Each structure stands twice: as structure tokens, then as C-alpha cells.
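sharing a model that was predicted from the sequence below.
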Amino acid sequence: MKVLQINKFLYPKGGAETYMFQLSNALKENGIDIEFWGMEDQKNIVTDTYQSFAKNISYKEISLFKIISNTPRTIYSFDNKKRISKILDHFKPDIVHLHNYNFQLTPSILPEIKKRGIKIIQTIHDAQMVCPYHRLYNFQNNTICTKCITGSFLNCIGDKCFDGSFFKSVVGASESYYYHTFKYYEKYIDRYISPSKFLAELIKKRVKEHTFEILTNFSNKLEDLEANKADYYLYFGRINNEKGILELVDIFEELKLNLIIIGSGDQEDKLKNRIIDIKNISFLGPKSKRELFSYVANAKYVVQPSKWYENCPMTVIESFTYDTPVIASNHSGFKDLIQHKKTGYLLDFTDLKKAKKSILEIDKEDVNILKQNINKFYQKNLKKEIHISKIIDIYKQLLLK
């Protein structure tokens, strides 16, 4: 069986890319031939075997002139249709497995795949199909936003969701209108996989003619890590405002419990300045995979106070891989993964006073019972072998149709 994995970024940029590469490695172990298609980038960790990768488009710190000149290929790319044709005709995949492709690659590639009779499966990593900005969060107001899920995509323009830019928001809303009007997501995708019930229920409100397979992501375990639980709490991930990191500092500064923070992001400087005189909080910056998971395995709890909605947070899955319980926000994909008081705790971090009180009470609890529950949950739901077996079954079902 030949499978073409498609994602705009072909290096470990975030959770979607981490999942795609772990999935691909596991599929190769099962004898499946894998190729990749996405954007050209010096950071890519895969080879452009057929010299077909899409030209790189970056929307970060882009000038208005470049935004305007890139607008047509952001919504519909004739160039990418030609480029993907090259790998489709030479590699001849049985299955195309889509991940994140909107804007840089565009759904214009879908008819090009379909006309060759190739089956298309998509793992949904974000809310792109119901939110033009895909994040369900308004960064200008620092609030969760769900207006476009059942309402008009014009909300995106009115709220200037894309970096506070009117023009970028027009482009984003136009892209959503175009592909929903012509039913690309219904016509060309053979099967959807959602890592969480939470996200599937949101997408169903606009893509109504499909069923969704719920299949939680997985994480590879480093077997030789020592796990002697220490007396510290751990946050790891992006150091960004929507992750609630500064509010977490407020909580632990008052509680005097030890907190270690690992990661990188645009609030690093703010964080460093904020904790400069706080002895019980340490910021270690980004860490290698082995170093990071050593901290995860030895933490008393991992804490994830995210303000915005998470799909299937890999931080929770990676924590459970090492039997570490998680204290997280009581919303979105966290609720799909964490059983309150059994494998962790779900708290309302918008009420800092209540959250502080809850964490003080949690700190007195025996984590060993939680660890036993987590291990059972991991063995039944999150092991690589279980996930890969289900993915291969889905591939085979599609090929029989």
C-alpha cells in the first residue's frame, strides 16, 4: 500500500506535524510505503523526491503588498495543482492522507487527487472548516470566539480576526465562503478522522453530509526514562498568551508550590521578567525530546491552563504516556481525555481564586491512585499499536469501496 501524507509544514512545527511524522514512521514499520507533500522549507525533515513541493508562503510579518499579490493563490492555487500532479503521477498513491493544507496549499488540490480515483482521508487538527482563522480565538479581545461556527463568515472580517488586519480577514473569510459554497469538504473527502469528540461536533455543524471517526492521537514512549515522581508541577508547551501561562504564574506565586515551565513562544520575555524574583518558579526554555519527557515523567502533575479551545492536546497524551496526571482547563478536548478525579483534574482557570483553592486541595491527594488509572487508560486507548491498527483498518475499508 502506498500513502501520500500531505501537510503544509514538513518539519516538527506543532502537534499536527508531530502526529503526522509519528504516524508515518509507525506505518513504515508496518510495511506501508510513505511519501510526503507540502511546502518547500530549509527546515523540512523529508526529501522532495519528485521535485514537486509547493512554493513557500509565510503569512507572518508579511507586507500588505505581498498579501494582495498572494491572495489569489491563497484561495485557489493553479500552481499547486500542477505541482501535486507530479507526485501523484510518479508515486501513484493508493491513499492520500491530509492534515493541514488550507491557505498555503489550498483545497484546490482536492479535485486533482480525486480525478485519479485516489481515496482521500483527512485527520482534522483544527477548526479551519468552521472558523476562517481556525483558532476559535479572538486575539484582539483575548477571548474565545465561536461566531462563525453556525453564523456568517463575515464575523471574521468585522472582528479582524487575522492579526487585526481587515484585508487578511477578508481573504480568510473569502476562502471559507468559496470552499463551503462549492462543497469541497463534502465532495472530495472520503473519510474524516477527528482526534476528539469536541472537534467533531463543531465540524458537523457545517459539514453535515459526513460521519466522523473519533480516533485519539498517540505518543511514542521512551522506555528507558526513570520516573521517580518529584515535588514539582510542570507546564510545557508554547509560551503564548492564549495558553494562560502568566495567570498560572500568578497562581503558583501565591501557593508557593514548585512550578517548572518548559517551552518557547512570544511571551518568553514577559515570563522571564515576571518570575525574576519568584524562587519557586523556574523557566527552562525549550528542551530536547529526551530532556523534556524526563521532566514530564518525574513531575507530580502537569498543568495546562489553556484559555483557548484545544482539539486533542498532545501535552495530555504525552503526560499520560509516563503516568503523570494532568490538571487542565475544564473545556474542549481536555474533557475528552481527562476523567476528573480519576486521571487528573478539570478546573475553571477563569476563576483564579477558585483554581488556587482547588490546587491546594489536589496537592494533598495521593497521586498513586491516579497513576494506576492513567496506566489503564493509556494501555486501552493511547498505545501506538492500537492507533496504527485502526488507521490501517480505515485505509483498507476505503480501498474496498
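Thanks, I have it.

flag the shaky bits of this protein, pLDDT-wise.
Counting by pLDDT under 70, the chain contains low-confidence ranges at 59-72.

which ones are touching Thr74?
By CB atoms under 8 Å, 6 or more residues apart in numbering, Thr74 lies in contact with 57, 103-104, 106, 171, 175. No exception for glycine: its C-beta is placed from N, CA and C like everyone else's.

roughly how far does it sit from Val170?
The spacing between Thr74 and Val170, counted by CB to CB, to the nearest Å, is 11 Å.

tell me which stretches of the protein form strands.
Assigned by DSSP state E, the chain shows strands spanning 2-6, 33-37, 95-98, 119-123, 137-138, 143-144, 191-194, 212-214, 233-238, 259-264, 281-285, 301-304, 326-329, 344-347.

got the contact list for the fourth one?
Counting by CB under 8 Å, 6+ apart, the neighbours of strand 119-123 from elsewhere in the structure are 19, 94-99, 110, 113-114, 188-195, 394-395, 398-399, 401.

of those residues, keep whichever come out buried.
For the contacts of strand 119-123, a burial check counting by 16 or more other CB atoms under 10 Å picks out 19, 94-99, 110, 113-114, 188-195, 394-395, 398.

hmm, back to that, just the ones of the contacts of Thr74 in helices?
Those of the contacts of Thr74 mapping onto helices are 171, 175, per DSSP state H.

ok, of the contacts of Thr74, which one's closest to Ser329?
Minimum distance to Ser329 across these is 27.5 Å, recorded for Phe103 (CB to CB).

next, the contact list for that closest one, please.
8, 57, 59, 74, 172, 175 are the contacts of Phe103 under CB under 8 Å, 6+ apart.

export those residues to JSON lines and tack on distance to Tyr184?
What follows is the contacts of Phe103, written out as JSON lines (distance: CB to CB, whole Å):
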{"residue": "Lys8", "distance to Tyr184": "16"}
{"residue": "Ile57", "distance to Tyr184": "19"}
{"residue": "Tyr59", "distance to Tyr184": "21"}
{"residue": "Thr74", "distance to Tyr184": "15"}
{"residue": "Gly172", "distance to Tyr184": "16"}
{"residue": "Glu175", "distance to Tyr184": "11"}
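
most neighbours among the residues you listed, which one?
Neighbour counts for these (other CB atoms under 10 Å) peak at Gly172, which has 27 neighbours.

is that one in contact with Pro132, as I believe?
Yes: using CB atoms under 8 Å, Gly172 is in contact with Pro132, at 3.8 Å.

anything in contact with each of those two?
Counting by CB under 8 Å, 6+ apart, the residues touching both Gly172 and Pro132 are 156, 161-162.

quick one: contacts of stretch 133-140?
With CB under 8 Å, 6+ apart as the test, stretch 133-140 has contacts from 102, 126-128, 143-146, 156, 159-164, 169, 172, 241-242, 307-309.

and these, which are buried?
Listed as buried from the contacts of stretch 133-140 are 102, 126-128, 145-146, 156, 159-162, 169, 172, 241-242, 307-309; burial here means 16+ other CB under 10 Å.

let me see the domain layout of the protein.
Annotated domains of the chain cover 2-218+384-400, 233-382 [automatic domain parsing].

next one: stretch 271-286 to chain centre, how far?
Distance, stretch centre to chain centre, for stretch 271-286: 26 Å (CA atoms, centre = their mean, to the nearest Å).

start and end of it, how far apart?
14 Å (CA to CA, to the nearest Å).

quick one on the thing from earlier: how about the contacts of Thr74 in JSON lines, adding distance to Asn330?
Converted to JSON lines, those look like this (distance: CB to CB, whole Å):
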{"residue": "Ile57", "distance to Asn330": "37"}
{"residue": "Phe103", "distance to Asn330": "32"}
{"residue": "Gln104", "distance to Asn330": "34"}
{"residue": "Thr106", "distance to Asn330": "36"}
{"residue": "Val171", "distance to Asn330": "35"}
{"residue": "Glu175", "distance to Asn330": "32"}
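
just the contacts of Thr74 now: which is nearest Thr150?
Taking CB to CB as the measure, Thr150 lies nearest Glu175 of the contacts of Thr74, at 18.5 Å.

for Gly15, see how far away the closest one is.
22 Å.

circling back: of the domains of the chain, which is nearest Leu225?
Leu225 lies closest, by CB to CB, to one member of the domains of the chain: domain 233-382, at 5.0 Å.

return the distance of the closest one from the chain's centre.
17 Å.

cool, stretch 143-159 as well?
What separates the centre of stretch 143-159 from the centre of its chain is 21 Å, taken as CA atoms, centre = their mean.

quick one: contacts of it?
Stretch 143-159 has contacts (CB under 8 Å, 6+ apart) with 127, 130-133, 136-138, 140-141, 161-162, 166, 169-170, 172-173, 176-177, 202, 205-206, 307-309.

restricted to helices, list those residues.
Among those, the members falling in helices (DSSP H) are 166, 169-170, 172-173, 176-177, 202.

just give me the closest of these to Leu222.
Once CB to CB is applied, the member of those that ends up nearest Leu222 is Leu202, at 33.4 Å.

contacting residues for the closest residue to the closest one other than its chain neighbours?
With CB to CB, 6 or more residues apart in numbering as the criterion, Leu202 has its nearest non-adjacent residue at 5.4 Å, and that residue is Val130. Neighbouring residues of Val130 by CB under 8 Å, 6+ apart: 148-149, 202-203, 205-206.

repeat the analysis, applying 6 Å as the threshold.
Contacts of Val130 were listed using CB atoms under 6 Å, 6 or more residues apart in numbering, and they are 149, 202-203, 206.
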